[in-house]
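Colleague: next one to model:
(5 chains, ligands or ions: 4)
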Amino acid sequence: AEPIKFGAVNPLGDITGFQTTRAMELAVKEINEAGGLLGRPVELIVVDDEMRPEIGAAAIDRLATVDNVDFFVGGMGSGVHLAQVPALKKYEKITVWMGAASHQVEIAMGPDADWYFHLHPWDYQQGASYGQGWTDIANAHPEIGASRIFLAYEEGAFGTDSYLAYLDLYEAAKDGEGPYGQILNDFAGASFTSALLGGGDYRAMLRQAMDFDPDLFIWAGYDADAVPMVAQAMELGFEPPLFVGAPPGWPANFGDNPLSDGVILYGMWAPALKEVSEISNHFWNEYIKMHGHEPATYFAPLGYTNIMFLAEAIKAAGTLEKDAVIEALRTIEYESPIGAVLKIEPSNIISNQGFTSQKILQYIDGEQHVIWPFEYATSEIKYPFGR
Amino acid sequence: MPVLETRGLEKRFGGLLAVRDLSFSASRGEILGIIGPNGAGKTTVINLVAGIFPETSGQIYFKGQEINKLSTHERNHLGIARTFQSVRPLDHFTALENVMIGALFGQGMHLAEAREYAYEICDLIGLKNVDRSIDNLTVLDLKKIEIGRALASKPDLLFLDELMAGLNADETAEMIEVVRELQRRQLTIIVVEHIMAVVRELTQRCIVLDGGAIIAEGSYEEVAKQERVIEAYLGKEE
Amino acid sequence: MRNKAMLIVAAFVIAAASLPLFAGPYFLSVFNTIFVYMSLALTWDIMLRTGQLSYGTAGLFGLGAYASALLVAKAGLNPLVSIAAGGAFAGLLAFFLGFGVLRLRKIYFSITTLALTTVFSVIIRNLPRLTGGASGTVLPRALFNGDPGKNYWMIYCLALAVIAISVWLSKSKTHYAINAIRNDEITARSSGIDVFKYLLFIFVLTSTIQGVIGAFYAQQYAFVQPEATFSMNFLLLPLAMALVGGVYSTIGPVVGAVLLGLVSEYLKLIMPYGHLIVYGIIIVLVVLFMPQGITRAFAKLFTRKMQVGGVDSASLRD
Amino acid sequence: MLAAASKKQYLFIALLVIAAIVIGFWEPHALIYGIQRGSLYAVIALPLALILGILGVLNLAHGEFLTVGMYATFVLFSRFGVDPMLSTVPVTLLLAVVGVAVYLLTIKHVLKAGHLSQLLITFGISLVISELIKSIYTTQPRGVFTTYSYSSTTLAGIRFGTYEFLYLLIAVAVLVGLQLFLKKTRLGQATFAVGQNPRGASIVGINVSFVYLFVFGLSIAIVGLASVFMVPRVSIFPGAGTPYTMKSFALTAMAGLGNLNGILLAGIALGIFEAVVNAIPGGSGWSDVVFFGVLILVIMTRAIREGRR
Amino acid sequence: MLEVKNLDVAYGRIQVIWNLSLNIGNNEVVGVFGPNGAGKSTLINAIVGVVKAKSGEITFDGVPIHNQETHTIARGGIVVVPQNRELFPAMTVKENLRLGAAYIPHARAKMDETIEYVYSLFPILKEREKQLAGTMSGGQQRMLVIGRALMSRPKMLILDEPSLGLQPSLVTEMFQILNRIKQDDMVILLAEQNVRQGLKVIDRGYVMENGRIAMEGSIEELSEDEHIRRAYLGV
Ligand SMILES: Nc1ncnc2c1ncn2[C@@H]1O[C@H](COP(=O)(O)OP(=O)(O)OP(=O)(O)O)[C@@H](O)[C@H]1O
Ligand SMILES: Nc1ncnc2c1ncn2[C@@H]1O[C@H](COP(=O)(O)OP(=O)(O)OP(=O)(O)O)[C@@H](O)[C@H]1O
Ligand SMILES: [Mg+2]
Ligand SMILES: [Mg+2]
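Modeller: Ligands and ions are numbered 1, 2, ... in the order given. Predicted coordinates:
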């Protein structure tokens, strides 16, 4: 039978987009092996966006008009996605987008796009979820506090947005409100140039952090910053009790680095989840079996989720009819290998938001472990950071 | 009123005073020769008057107006044109277009007008095959382009810096005719040459520079007799 | 001969103009991008004709984009008007900067224009109140509500205008001035050319165009963001297109942009992973085997001694 | 051209020293970081300047060669457990070979085609190298961790990392080595001559094509040397070297074409400026403006001064 | 000593030398005359390998050199004073001179000696030892390039219009110098527009026209030829 076409736009040259695509291929394979959807096979068509906005936008046009896809999936960078918004609005096809965390996307999309589903937590949601996490952890472990937070953020959109979100959270916390209301007393931030963009010298920033003497030091940058960041902190003798990194991905073999022990990270997923989650375990094994390498970032299971979630909804709707599928996407719950149940809810602007929270993970003995939310925890928190 | 007059002109390059306290003038329709040993400062004088680089001190008057502060192209607009000792053609253009440049910008002509005028000039100086690209032209043609471009800006004062160098007798004679014709058109021409036959033929008056200063002045026959000039410049030959 | 050429050109112009009538949005979108880069490539080339190798196209592109986007977002200006305003802003700034930058030559000019690009983007990033900072500014709606046909016509007209300007320049007096300047500045000055005046004119002209194109880009996708808007792609790709096609001409950048634009789309189609390697190899091969650009290589094939855009190929050795 | 320190340069050195002392008292860390980073910029910029000065090629693939060196060091480390310090010789040699190969395959054939063709071909090369690395190693960063590269000492109550002083050492060594080579050896002198007039050089008996080959190979080897010493301190990813192309270009222009000593001075000066701005709370975001602002200022003042003369 | 056989040279598609043969024996000074564009410089450039011959053969001391590179030819003892100078503009006068000897093994050994000799010929070069070559006046640069060629202590010296731009007294002097060198066992090939002076030093001469040898002969034959007298001697 005529296949159902999923059109994905991913940055294939980047590890995130590359593995996302691989994970999507896995999901499609599994769906088809199980007999497809509505008796029809699923076809995945992927276009590289080269991380260039205009190329990403053209890819939407191509998928919509040349390949005649039924659904849009995929996506990473906010810059590319912003350029795709006008094109997406033009076609109003059901879109289940997994990446692009910037709230600017939400503004651009506006409240009326009922066909648009966004899986990744928005930047402000991530900030909020961490507050919740630290509050929970502080409640569970009286010796752990996060009342002084220092945020180091890279100068680009990703870091700056995090910083702005924190400032809002801090304002609220001053009045005892918001996710950080119960824990945060003092907050400061400083920016740095990411190694990805030619920086890589964090020492001036780290010295500011040291002077501030935080309970929790967190940096929002990229994977390339991870090792030099911890290492330079060591050089300076900077050892905050909680040392947190929030890049979207981590360097290969970061766990093998002796400095990684005790480093906390924010993310949606950790390989260790396979110990506690059936579906995570399944994903992990199948991915390796199919592609011969390990999933390196949470974008891999997210990509898998992206396809599976949509497939489940189609199955539930029993038709490709737009309103029915939208309705199904809004109502079904999907147990994701990410380690959470995916369920659509409204966010600040759009009505179809998927995940709203990240997890708090920690490198312990070279392994990423989940330490919060507690129901997915694979280990106790190691505290304090350092020797 | 002289067309060109300099008063106390000086140019210093680091420790070297290349032109010192130089005062001379040239009047309308005159062909003035500037001669002198290698490194005497002849080319430097041309560069100063043309405004290629600023003088260290002194004044330059052109048609009665002080032009010290003017830039090179403004001086060209006023009517000063020159050729270069080592030819500097514009090799993205044909021979004709090289000449046109002078008419276009020195004279502010329109394209069509400039083209016409450039043909005229090429005719005058005997430049043939003008629509060729210039990268396989002979030295003679390149020199003609130099003079053509300078002429096309309709100058009142024309400097010719070693125009005849590298030409054989035939060609030199041809060039001399060209310069004569220009003189008939009331141009003031200042020639810098090392070929004495040319200087003798062409100039009414010569100034002899040595070490940047005038050591002799007068008709070629007069200066050529002077001991100092022979010693510093001409040598004892012939 | 001449008439035939005119006819072919006219056929191309009309065919391209009627593209929206039969081509789908994808092709429009691809050509839309090609025209954006083509215009930038032409402006870069026009500046190059004066002998100045500019690395500032991305900077003025970005400035135009920001000026236009902010005028729409903050002052509610009509998007079409804002595109003109974006160009005017870039041109005006270029006018003032020109008094300094145009004193420089060679690598000093190049690096300074490049440095200015960074300076612009950092300043914009550090003025979050005005510009939205690092996360940029989103516009309420895209130009023509994202209508691919209208957007196409718009950029097509802009590109045609830039081509026309380029052609006109190569036939005007200015052509003689700027080529003379590139060739030998001393000769140019001595022949009465006001070098600074012409450089300033070209700098302001090309900057204005770059600003307009940037503004169109911003309006079309309805957002500006320092990383995306001041991307090095807006320098390097036009540069590569102009050089691959053949510099110092109108046809070169045009052909280069179309060719590289289509090649990159096609490569992506046949090899999703790693197509950029092939793209790079193609560029290297073009330089090795057609160092004067594709258009001149082909021109040579067809005529013994063809002049492209008024410049003989031999004059490329500088 | 590649002249010894002129009077102006001594003045500049004096100014730099005074500024350094003042900064040293006010914010000693900024001084230290500035010198360390600035030296690194300089080591990487020197070979770029050399290629630009002698071959007249602005090598847009400069940073990609740096990346290649990093990956080579990484591979030696991860496959064979070779400590980066021990990789110095093999990687430097390897990069020399890579440089020679790239030269023979590409650059050599476009030397007469003009600087624009050279610019484009190096752009193509940079694309090929970085995309090739991407397809082999993905964009996921790799790292080589060694404890010594993050050791620190405390001096007069100031704690600072010691490893990066190696950069200063290497910068000085490379600079002195290059100057000795250029001034004292016959090949070095030939290099100058070729840079100014290749045809003239061949007329006096200089093997011009060998000089080109040698200069390119040597330069890329220096890039390799720099990459080895960077590896223990940086993340290794396909774009790791890319930003250094423009930084090197900037330093070369700031020093003035052909002025090798000036590159070290410019590097350190810019490094210190950057570090000072970074040390000011909230300043980090502006450090690029300062870097390029100072660059523009220096270039403009020089142009204006020379214009008046 | 030098033998050129059936030489063809072209710039791209434009051929400028047609089936040209000439030879220069030991201890000979040979002149090449001809109008502008005749191909004198091209011939010289082909001999020293700056342009490559399309066909034909050039041998020096019996060794074929038309496939050698310029620097090898220079080291083999053929050094040229090019018409357009080819100096190192940003180097000092002295550095330019030293470079003339530095890459020719047998000349290197005698560098200091030769430099004094060159200085004695052109005192201004000594005076301006430290001036950058590019800032010297036209005539001074001509002296420098002649001096640089002498620094190489060539077996064969090729001069392409060496008198160009020199002051009259120096032109005389330069030809005297050539007369002197010729006694030191050096072969000289001289292209000149200044035929009157040129005839004073040469043993034999060729006249080139349109890329071909139009005439060959001894000084007497040449100076008596009506055409030569009119076109080159201006009588
Ligand atoms: N830019 C410069 N820097 C230093 N010295 C210079 C510069 N330009 C010229 N000179 C010196 O100034 C003097 C005058 O040079 P100029 O070129 O005017 O001589 P000239 O009379 O034209 O000689 P020639 O007959 O050889 O052309 C020379 O000694 C020359 O070396
Ligand atoms: N690089 C070149 N490219 C194309 N043609 C050239 C080139 N160099 C010289 N020619 C042409 O070759 C012919 C011979 O030139 P050549 O310079 O050898 O003559 P010449 O006898 O030395 O003349 P002159 O007395 O002017 O120096 C001329 O027609 C010239 O235009
Ligand atoms: Mg002179
Ligand atoms: Mg000649």
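Colleague: quick check: pLDDT value at the residue nearest to the spatial centre of chain E.
Modeller: Closest to where the C-alpha atoms of chain E average out (CA atoms, centre = their mean) is E:Leu159, at 1.5 Å. For E:Leu159, the pLDDT comes out at 91.
Colleague: I'd like to know how far it sits from E:Pro35.
Modeller: Distance from E:Leu159 to E:Pro35, counting by CB to CB, to the nearest Å: 18 Å. For glycine as for every other residue, the C-beta is placed from the backbone atoms N, C-alpha and C.
Colleague: ok, C:Pro291 next?
Modeller: Relative to E:Pro35, and taking CB to CB, C:Pro291 is found at 35 Å.
Colleague: contacting residues around C:Ser39?
Modeller: By CB atoms under 8 Å, 6 or more residues apart in numbering or on different chains, the contact set of C:Ser39 is C:155, C:158-159, C:162, C:209, C:213.
Colleague: and D:Pro238, how far from chain C?
Modeller: 11 Å (CB to the nearest CB, to the nearest Å).
Colleague: next, the residue sitting nearest the centre point of chain B: secondary structure please.
Modeller: Centroid check for chain B by CA atoms, centre = their mean gives B:Phe159 as the closest residue, at 1.6 Å. With DSSP: H, G, I helix; E, B strand; the rest coil as the basis, B:Phe159 sits in strand.
Colleague: what parts of chain E come near chain B?
Modeller: E:11, E:14, E:16, E:35-37, E:83-84, E:124, E:131, E:135-140, E:142-143, E:161, E:164-173, E:193, E:195, E:230-234 (CB under 8 Å from any CB of the partner chain).
Colleague: just the buried residues of those.
Modeller: With neighbours counted using 16 or more other CB atoms under 10 Å in any protein chain shown, the residues of chain E next to chain B contain these buried positions: E:16, E:35-37, E:83, E:124, E:131, E:135-140, E:142-143, E:161, E:164-173, E:193, E:195, E:231-232.
Colleague: pull out the buried residues from stretch A:122-130.
Modeller: A:122-130.
Colleague: any idea which of those is least confident?
Modeller: A:Gly127 (84).
Colleague: nearest residue to that one in space, please, no chain neighbours.
Modeller: Leaving aside its sequence neighbours, A:Gly127 sits nearest to A:Ala165 (CB to CB, 6 or more residues apart in numbering or on different chains; 4.0 Å).
Colleague: show me what contacts that neighbour?
Modeller: Contacts of A:Ala165 (CB under 8 Å, 6+ apart): A:123-124, A:126-127.
Colleague: so which of these are in helices?
Modeller: Applying DSSP state H to the contacts of A:Ala165, the entries found in helices are A:123-124, A:126-127.
Colleague: got those as CSV, with distance to B:Phe93 columns?
Modeller: Converted to CSV, the ones in helices among the contacts of A:Ala165 look like this (distance: CB to CB, whole Å):
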residue, distance to B:Phe93
A:Asp123, 59
A:Tyr124, 63
A:Gln126, 63
A:Gly127, 64
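Colleague: wait, which of those is closest to D:Ser39?
Modeller: Ranked by distance to D:Ser39 (CB to CB), the ones in helices among the contacts of A:Ala165 are led by A:Asp123 at 37.8 Å.
Colleague: now that closest one: how far from ligand 4?
Modeller: 73 Å (CB to the ion, to the nearest Å).
Colleague: test my guess that C:Ser166 contacts C:Ile46.
Modeller: Yes: assessed by CB atoms under 8 Å, C:Ser166 is found in contact with C:Ile46 at 6.0 Å.
Colleague: those two - which one has more neighbours?
Modeller: C:Ile46 (26 against 23; other CB atoms under 10 Å in any protein chain shown).
Colleague: just say helix, strand or coil for the residue nearest to A:Gly127.
Modeller: helix.
Colleague: next one: D:Leu60
Modeller: At D:Leu60, secondary structure determined by three-state DSSP is coil.
Colleague: any idea how far the residue of the stretch 1-150 of chain D found nearest ligand 2 lies from C:Gln292?
Modeller: Closest to ligand 2 within the stretch 1-150 of chain D is D:Lys112: 12.1 Å, counting by CB to the nearest ligand atom. For D:Lys112, the distance to C:Gln292 equals 12 Å [CB to CB].
Colleague: between those two, who's got more neighbours?
Modeller: C:Gln292 (26 against 10).
Colleague: now the more buried one: phi and psi?
Modeller: Main-chain torsions, C:Gln292, degrees, to the nearest 10: phi -100, psi 10.
Colleague: the stretch 101-250 of chain A: helices as residue ranges?
Modeller: If DSSP state H, counting those that start in this stretch is used as the criterion, the helices of the stretch 101-250 of chain A fall at A:103-109, A:123-140, A:157-174, A:203-212, A:226-236.
Colleague: got it, and chain E?
Modeller: For chain E, the helices defined by DSSP H occupy E:40-47, E:70-75, E:93-102, E:105-108, E:111-121, E:123-127, E:138-151, E:168-183, E:195-201, E:219-224, E:226-232.
Colleague: let me know whether the last one sits next to ligand 2.
Modeller: The one in question is helix E:226-232. No: Helix E:226-232 stays clear of ligand 2 (CB under 6 Å from any ligand atom), getting no nearer than 11.6 Å.
Colleague: could you dump that helix to PDB, C-alpha only?
Modeller: Extracted C-alpha coordinates of helix E:226-232, given in PDB (Å, rounded to 0.1, in the frame of the first residue of the first chain):
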ATOM      1  CA  GLU E 226      72.100  51.100 -45.000                       C
ATOM      2  CA  HIS E 227      69.000  49.900 -43.200                       C
ATOM      3  CA  ILE E 228      70.800  49.700 -39.900                       C
ATOM      4  CA  ARG E 229      72.300  53.100 -40.300                       C
ATOM      5  CA  ARG E 230      69.000  54.700 -40.900                       C
ATOM      6  CA  ALA E 231      66.900  52.800 -38.300                       C
ATOM      7  CA  TYR E 232      69.300  52.500 -35.500                       C
END
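Colleague: and it, what does it pack onto?
Modeller: helix B:169-184, helix E:195-201 (3 or more CB pairs under 8 Å, 6 or more residues apart in numbering or on different chains; DSSP states H and E).
Colleague: the longest one to strand B:157-161, inter-axis angle?
Modeller: Spelled out, that is helix B:169-184. Relative orientation of helix B:169-184 versus strand B:157-161 (axes from the mean of the first three to the mean of the last three CA atoms, to 10 degrees): 160 degrees.
Colleague: any idea which helix or strand comes after helix B:169-184?
Modeller: Next in sequence after helix B:169-184, counting helices and strands by DSSP states H and E, comes strand B:188-192.
Colleague: okay, now the sheet partners of that following strand, with direction.
Modeller: Paired with strand B:188-192 in the same sheet, following DSSP bridges, are strand B:31-35 (parallel), strand B:157-161 (parallel).
Colleague: same list (these) but as a markdown table, adding distance to ligand 2.
Modeller: Below are the strands paired with strand B:188-192 laid out as a markdown table (distance: least, CB to the nearest ligand atom, whole Å):
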| stretch | distance to ligand 2 |
| --- | --- |
| strand B:31-35 | 23 |
| strand B:157-161 | 17 |
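Colleague: got JSON lines for those, with mean pLDDT and distance to ligand 4 too?
Modeller: Listed next are the strands paired with strand B:188-192 as JSON lines, based on pLDDT from 0 to 100; distance: least, CB to the ion, whole Å:
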{"stretch": "strand B:31-35", "mean pLDDT": "91", "distance to ligand 4": "25"}
{"stretch": "strand B:157-161", "mean pLDDT": "92", "distance to ligand 4": "19"}
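Colleague: can you add distance to A:Ser102 and give these back as JSON lines?
Modeller: Conversion of the strands paired with strand B:188-192 to JSON lines gives the following (distance: least, CB to CB, whole Å):
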{"stretch": "strand B:31-35", "distance to A:Ser102": "73"}
{"stretch": "strand B:157-161", "distance to A:Ser102": "66"}
